[in-house]
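In: Sequence first, then the predicted structure:
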Amino acid sequence: AVLRPFILIFGLDRLRTLAVSSLMVLPGVADLLLFLTFVVVWFGILGVFIFRDPVLLPTTDESHEYFPSFEEGFVNLFVLTTTANNPDVMMPAYRENRVFYVYFLVFCIVTIFFINNLILASVYEQYRKEIAAQAVEFGKNRRKNFKKAFCILRGPRGTIPKLDMTETLLALRSFWSIR
């Protein structure tokens, strides 16, 4: 059951090409993904210190619900970068003191509106470069294969005889398909 997506991807040529192109993009955006992880870790540590401090938040449920440990705080902030738990994660602190909304506002501006857009732009640029490189490679292979085919079919006068060309095109007709 776990291997079904991989069987589907590697069974279909176009999906396999898309998957390989997508994997080739990852090294180009690894530095931004590492930067996003660093920012989430930094805000996670800061959140644990702020929301676990009894002087700053004496009666809130924030420390028990969303920041009981660094790991839980990191996961909740990482999910917040996807905006899946957007109002939920900040509401206990917001109810206790509205100033704590600044922490979440700065986090959302930095991660969602700045870093995620940088990652998206970098993924697009890397993917565009990868597709362009594949198109160049396809063109080179096509020219090379046309030259090989011409050398195989070439007659004594340096041209392809009409009978050989007709037989070749009839043989290739079975490979034609409507796409």
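Out: Done, it's in.

In: gap between stretch 80-100 and the chain center?
Out: 27 Å (C-alpha atoms, centre = their mean, to the nearest Å).

In: Same check on stretch 113-123?
Out: That offset, for stretch 113-123, works out to 11 Å (C-alpha atoms, centre = their mean).

In: so for it, what's the average pLDDT?
Out: Taken as a whole, stretch 113-123 has an average pLDDT of 94.

In: Run a quick neighbour tally on Ala133.
Out: Counted with other C-beta atoms under 10 Å, the neighbours of Ala133 add up to 12. For every residue, glycine as well, the C-beta is placed using N, CA and C.

In: hmm, I was thinking of Phe43
Out: Number of residues near Phe43 (other C-beta under 10 Å) recorded here: 23.

In: what comes up buried for the helix or strand hosting it?
Out: Using DSSP states H and E, Phe43 sits in helix 13-51. The neighbour-count check on helix 13-51 (16 or more other C-beta atoms under 10 Å) flags 24-25, 29, 32, 36, 39-40, 43-44, 47-48, 50-51 as buried.

In: Any idea which helix or strand in this structure has the lowest mean pLDDT?
Out: Across the helices and strands of the chain, mean confidence by mean pLDDT, DSSP states H and E is lowest for helix 62-65: a mean of 63.

In: Since that was my last question, I'll sign off now.
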